[in-house]
Each structure stands twice: as structure tokens, then as C-alpha cells.
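**Q** Here is the input, now give the coordinates:
(one chain, ligands or ions: 1)
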Amino acid sequence: TRFAILASGSGSNAEALMKAAEAGIIPAEAALVVTDKPNAGVCERAARYGVPVAAFQPKTYETKAAFEEAVVHELKQRDVDWLFLAGYMRIAGEVLLTAYPGRMVNIHPSLLPAFPGKDAIGQAVAHGVKVSGATVHFVDAGIDTGPIIAQTPVPIDEGDTLTDVTARIQQAEHELYPKTAAQLIQEERKRVGV
Ligand code: GRF
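**A** Residues are numbered from 1 along each chain as shown. Alright, predicted model coming up:
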């Protein structure tokens, strides 16, 4: 089994996935990192784990479909079975969704359906919620709307700063995502009998 990570940013979740694959905790190979930001921190992290990076510039394609077709071509060429989105700052279109039905997963730093979209942690702190967390869910055509797979609650205490809460939620993400990815892949392997 082979998976790719789609990421646009620092890549700390991507690193958690690559590390878990390297350690055999995820029973699959991290085959590729796809990014739409050639200078993103995730590229350096991928290099440290010996994972190849495919960087695409969406604006050099005429349509979103053409951009996604180029991505899917690369994914198919590398025999990628699963897609894990980790801070990928684009909405998945028809082409990607059709290519990986039920095998495209995302992580989001809130207890969905609360606080979808950008700055979920800032929104949670601004609302004064006492509990937020991290969610792993299947990707659909919406923003952070697909079926929920797993969640970790994270308490927000009186006097916590945005930095405190961010660190705590990121820590929860880095545990939840590899664990959930491993479960998904194991369950599928059982289903197909390998
Ligand atoms: C994470 O909080 C993830 O939940 C969200 O974007 C952030 C990416 O951070 N989708 P990183 O690039 O993995 O460090």
C-alpha cells in the first residue's frame, strides 16, 4: 500500500505521517508529497524522510480540472492508493474526488462540524469554547464537511493563549492522524484479505 500527502504549508502533520510510515506504525509507504507551494516547509521535511516531492503551480493550468489531472497523473504513475491531506489549502475538485473515492482523508484543527475553514483555532479561542480538538474526516466537495472518522478533544483552559491552544491541538493532530491512517489502511487490507 502506498500513500501520498497533499500539503501547502509547514508540513508538521505530513512529517508525523512520514515518521509513522518509516517506523512501520502505518503499514504503507509514504510514496509522494504533492504541494501547490514549491517553497513550503513540507518540501524540506519530505527530503529528510527521503520522500519525493511533486510541486505544481496551479496558476500555470487553464482550469482547476487540468491542474488536478496533472496531479492525478503523477499519483497514478507512482501507484498511490491513499491521499492524506495535511494543510492542503485548496478545495478538492471533481477530478481528485473521482480518482480517490473513499480514499481521500483530511485533518482539521477543530471538533468538526464546529469551526470549519481557515483559522479554526483562532475561531475557537475567540468564541471562548472550553473544548476544541482535532478531526480526521473523509474529503468531499465541501470545506471540511466530509464524513468524520476520528476526533480528539482538547481542553481550552482559562488564560490559555492562542499559542498554548495551537501547540496543544497540533500535538493532538500529530498523534491522531498517523493512528487513524494506520487504522484505515489496516481495515482495508483486512477487507481485501492481504
Ligand atoms: C493543521 O492544523 C491541519 O489540521 C490543517 O492545517 C494545518 C497544517 O499544519 N488542515 P502543518 O502544515 O501540518 O504543520
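
**Q** Now do the contacts for Lys118.
**A** The contact partners of Lys118, taken as C-beta atoms under 8 Å, 6 or more residues apart in numbering, number zero. All C-beta spots, glycine's among them, are computed from the backbone N, C-alpha and C.

**Q** how about it, phi and psi?
**A** phi -70, psi 160 (degrees, to the nearest 10).

**Q** Show me what from the chain comes close to the ligand.
**A** By C-beta under 6 Å from any ligand atom, the residues of the chain that approach the ligand are 7, 9-14, 86-87, 107-109, 173.

**Q** make it 8 Å
**A** 7-16, 40-42, 85-89, 106-109, 120-121, 134, 169-170, 173 (C-beta under 8 Å from any ligand atom).

**Q** in this structure, which spans are helices?
**A** For the chain, the helices defined by DSSP state H cover 12-22, 41-48, 64-77, 94-99, 120-127, 162-192.

**Q** Distance from the last one to the middle of the chain?
**A** When C-alpha coordinates are averaged (C-alpha atoms, centre = their mean, to the nearest Å), helix 162-192 and its chain have centres 9 Å apart.

**Q** Can you list the buried residues in that helix?
**A** For helix 162-192, a neighbour-count test (16 or more other C-beta atoms under 10 Å) marks 165, 168-170, 172-174, 176-182, 184-185, 188 as buried.

**Q** Same check on the fourth one?
**A** In terms of neighbour count (16+ other C-beta under 10 Å), helix 94-99 has its buried residues at Val95, Leu96, Ala99.

**Q** And for the first one?
**A** Residues of helix 12-22 classed as buried by neighbour count (16+ other C-beta under 10 Å): Ser12, Asn13, Ala14, Glu15, Ala16, Leu17, Met18, Lys19, Ala20, Ala21.

**Q** between these, which is nearest Phe115?
**A** Phe115 has its nearest neighbour among the buried residues of helix 12-22 in Asn13, at 17.2 Å by C-beta to C-beta.

**Q** Got a PyMOL select line for the buried ones in the residues of the chain next to the ligand?
**A** Entered in PyMOL, the line below selects the buried ones among the residues of the chain next to the ligand, by 16+ other C-beta under 10 Å:
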select buried, resi 7+8+9+10+11+12+13+14+15+16+40+41+42+85+86+87+88+106+107+108+109+120+121+134+169+170+173
